Each structure stands twice: as structure tokens, then as C-alpha cells.
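Q: coords please:
(one chain, ligands or ions: 1)
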Amino acid sequence: MTQVNPHGLHHVTAIATDPQSNVDFYTRALGLRLVKQTVNFDAPDTYHLYYGDEQGSPASLLTFFPWPDVPRGRQGAGMTTATAFSVPGSSLGWWHERFQKLGMDADQPVSRDEEDVLTFRDPDGMVIDLVASAGDQRSGWDGVADIPAEHAVRGLHAVTLSERQLDPSAAMLTELLGMSVTGEDGDRARFGMAGGSSGALVDVLPGVRDRGLQAGGTVHHVAFRAPDLTTMTTWQQELLGRGVAVTKILDRQYFKSIYFREPGGVLFEIATDAPGFSVDEPLLELGRHLKLPPWLEPNREQIAAALPQLQLDVDVP
Ligand code: ZN
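A: Below is the predicted model:
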């Protein structure tokens with residue numbers, strides 16, 4: 001049984017440009033599973049692509065809105081400026097060699113804050129870290145022929161928030177989301193939920209002055225897990241009590257969500273674990289077909305016609 005920290009990250013959602021390059025990169029180069037092919041429920045002329053482990057477990061998920069004409073974004077204060085995945089303790093060398101073979105621009109692995117990290121960029125320039133995490137018991141997706149299961153990406157590890165100031169963001173992470181400081185390195189502070197294992201970590205990098213531009217190759221929002229709707233409602237009431245603007249509970253088909261901004265400006269979401277990605281297609285077929293929520297299904301023909309066709313590697317075992 002895959003062991004998942006019950007109060008960690010749920011997913012990270014980012015902005016891409018070309019959907020086909022995005023699918024090719026995350027499924028082939030990085031070996032994640034495309035677990036859902038749907039549309040942005042708030043703008044159904046755009047795909048919403050979900051990548052994760054076999055089932056699309058919470059804390060394994062990176063999702064994208066591919067907007068083909070969007071300009072390249074710029075990192076800055078009030079943004080999530082790095083997304084880290086965990087890989088087995090001895091796998092970074094293997095991944096570096098793989099990226100070189102694929103002709104990708106990847107840095108040499110380095111030691112940072114007592115972790116070994118391999119940093120690279122996706123086709124839209126988005127910064128992804130692979131972190132060697134020996135204690136991560138999650139199994140990852142082993143459905144890609146040329147990525148041995150022993151090296152497969154395990155799931156999300158951490159996100160880095162770049163902020164002007166540490167304290168206001170730190171207060172929200174600790175007081176509202178129940179995180180505690182698990183490490184400090186220079187100005188950078190690390191916060192962890194429920195003991196702070198891989199998949200439940202947030203790094204805050206303060207002292208970033210300039211605002212960025214949220215566009216292609218940047219993160220749109222970070223979602224945290226709510227074990228159930230009751231917990232999410234409690235968090236929603238708590239936010240309202242603190243005078244934080246928070247949305248109503250939204251039906252995202254695969255989870256229920258609320259959204260709010262942390263004091264530095266990063267958009268946060270809280271998302272329930274249930275019902276998950278098998279709610280509208282069998283586990284074996286996740287991601288192979290365009291799925292729409294019931295309220296968009298009547299417009300399927302129009303919606304599908306407006307989306308670019310995707311080529312998927314569905315024959316990969
Ligand atoms: Zn989201």
C-alpha cells in the first residue's frame with residue numbers, strides 16, 4: 001500500500017504553452033502518468049492536463065493549463081518559483097544521464113540545504129527540481145518502458161515560495177495550515193506538515209523584491225490536502241474569521257476546492273482527497289480520453305472541436 005502523508009501538498013498547477021510538448025515532456029522524459037485529460041472548468045476552451053502516479057494520488061500531481069499563445073512568464077515575489085519531485089536516494093545520477101541523452105539542459109546535481117538536488121527546466125522554462133529522498137516510501141508510476149521502477153519519480157516533494165517578507169507567509173503556514181518550521185538555511189525557511197516528510201514541505205525564500213509575471217512556465221497555484229469536506233469547511237471558516245477572502249466550495253469533479261491568497265500573494269487552494277480520478281473512467285484508462293464534468297458534457301462537440309488534438313503514447317505498457 002502506498003503510504004501518503006495525509007496533510008501535505010495535493011497538487012501544483014502551472015501554465016504551459018503547447019499542450020503536445022507538455023504531454024511529451026512530462027509523460028516521456030519525466031515518466032509521470034497522464035491521469036486526466038480535461039478542460040479548465042473556468043475556461044473550457046483550454047485543456048487541463050493532470051500528471052501523477054498510477055492513480056493520480058494526492059501529492060503526486062502536477063497539472064497544467066496549456067495556453068498556446070501565452071507569453072513566457074517571469075519569476076518574482078509572490079510566486080511559487082520551484083516545484084520539487086522526490087526520486088529514490090541514489091537516482092539523481094541516473095536522471096542526469098537521462099536528461100543529457102535527451103539533449104535537455106539540466107544542471108549537475110548539487111547539495112542544497114542537506115538535500116541532493118537536480119534542477120532542470122521544462123519546455124516552457126518552468127523550474128523543476130528532482131530531490132533524492134531516501135525515506136520516501138511511495139511507489140511512483142512504473143508504466144514508462146525506459147524508466148526502471150527503481151528510479152521512477154515518487155511524487156511531489158516540496159514547493160518554493162519566493163516572497164518579499166517571511167513573517168506574514170510563515171504565520172499563515174503555521175497558524176492556519178498547521179505547519180511547523182523544520183529547517184532554516186540562511187534566509188530560506190522550510191515548513192513541514194505532519195512531521196514534514198516528502199510531499200508535505202513548503203520552502204519560503206524571502207527578500208525577493210521584484211514582482212514576477214504569471215504566464216507561460218510559471219506556477220498558477222499550489223493546493224494542499226484536506227482529508228475530508230469537514231476539515232476543508234473548518235479551514236474555510238477559519239480563513240473567513242481572519243478576514244481572508246476565500247471562495248465558496250467549488251466542485252472540481254475529482255476533488256472539492258476552496259481558493260485564497262496567502263499574504264505574499266501566492267494563490268493557495270485546499271482540495272479534498274476524494275473522489276479522485278477513477279470517478280469518471282477506469283483506472284487502466286486514465287488520461288486516454290477527453291473527460292468533461294456533467295455540466296459541460298452537453299457542449300462536448302464544440303469544446304472538443306476547439307482543442308488541439310493530442311498524440312498519446314497509449315501503447316506503452
Ligand atoms: Zn488546483
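Q: would you say residue 238 is within a helix?
A: Yes: judged by DSSP: H, G, I helix; E, B strand; the rest coil, residue 238 forms part of a helix.
Q: burial count for it?
A: 14 (other Cβ atoms under 10 Å). (Glycine included, C-beta is placed from N, CA and C.)
Q: isn't residue 80 up against residue 266?
A: Yes: between residue 80 and residue 266 there is a contact at 5.8 Å, judged by Cβ atoms under 8 Å.
Q: are there residues contacting both of those two? Which ones?
A: 161, 221-222 (Cβ atoms under 8 Å, 6 or more residues apart in numbering).
Q: by neighbours, which of those wins?
A: residue 161 (28 neighbours).
Q: beta partners for the residue in the stretch 101-250 of the chain that the ion sits nearest to?
A: With Cβ to the ion as the measure, residue 223 is the residue of the stretch 101-250 of the chain nearest to the ion, at 4.5 Å. Legend: beta-bridge partners of residue 223 under DSSP bridges are residue 11, residue 269.
Q: how many residues are close by it?
A: For residue 223, using other Cβ under 10 Å, the count is 24.
Q: contacting residues for the closest residue to residue 66 other than its chain neighbours?
A: Nearest residue to residue 66, sequence neighbours excluded (Cβ to Cβ, 6 or more residues apart in numbering): residue 19, at 3.8 Å. Taking Cβ under 8 Å, 6+ apart, we find residue 19 in contact with 47, 49, 64, 66, 68, 308, 310.
Q: the last one - that's part of a helix, no?
A: Pointing back at residue 310 there. No: looking at residue 310 with three-state DSSP, it is coil, so not inside a helix.
Q: ok, it touching residue 22?
A: No: shown here, residue 310 and residue 22 do not form a contact pair, counting by Cβ under 8 Å, at 9.4 Å.
Q: more neighbours: these two, which one.
A: residue 22 (24 against 17).
Q: element containing the more buried one?
A: helix 19-23 (DSSP states H and E).
Q: got the CA coordinates for that helix in PDB?
A: What follows is helix 19-23, C-alpha atoms only, in PDB (Å, rounded to 0.1, in the frame of the first residue of the first chain):
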ATOM      1  CA  PRO A  19      -0.100  21.000 -24.900                       C
ATOM      2  CA  GLN A  20       1.700  18.400 -27.000                       C
ATOM      3  CA  SER A  21       5.100  19.400 -25.900                       C
ATOM      4  CA  ASN A  22       3.800  19.400 -22.300                       C
ATOM      5  CA  VAL A  23       2.400  15.900 -22.600                       C
END
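Q: got the contact list for residue 53?
A: Counted by Cβ under 8 Å, 6+ apart, residue 53 has contacts 2, 32-33, 35, 60, 138-141, 154-155.
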